[in-house]
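Colleague: Test case, fold it:
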Amino acid sequence: TAKIYENVLSLNAIVTLKAESFIRRNRWENDGRNSTTNKPQTTAIETLPYCTDIVPNIKLLLQMFTTLPVVTATPERTFPP
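Modeller: Numbering: from 1, shown residues only. Okay, the predicted model is just below:
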């Protein structure tokens, strides 16, 4: 599945991703609280508006993560052992 997104993130982007994650983590620790609730951001959707142009790869990954479809399957009935 990584091959699907290989054209989205270049090799240089992957190298800079570590630095961006360090920047984002420090910023989140300093001012990572929601201004209305004063609670820390805990989900990708809450974090996305706070990603600036300083961390474009983190923003791109969060956008991809929040738009991936989530599918679960459960059987209609279970059979006794």
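Colleague: low pLDDT regions in this protein?
Modeller: Residues of the chain meeting the criterion pLDDT under 70: 1-12, 14, 28-40, 75, 77-81.
Colleague: For it, which segments are assigned as strands?
Modeller: Taking DSSP state E as the criterion, the chain carries no strands.
Colleague: residue ranges for the helices of it, please.
Modeller: For the chain, applying DSSP state H gives helices covering 11-31, 44-47, 56-67.
Colleague: Which neighbouring elements make contact with the shortest one?
Modeller: Contacts defined by 3 or more CB pairs under 8 Å, 6 or more residues apart in numbering; DSSP states H and E place helix 44-47 against helix 56-67. (Each C-beta comes from the backbone N, C-alpha and C, glycine too.)
Colleague: and the residue nearest to Ile45 when sequence neighbours are not counted, how many neighbours does it have?
Modeller: Counting by CB to CB, 6 or more residues apart in numbering, Ile45 lies nearest to Thr66, which is 5.6 Å off, once chain neighbours are set aside. A count of neighbours around Thr66, defined by other CB atoms under 10 Å, yields 12.
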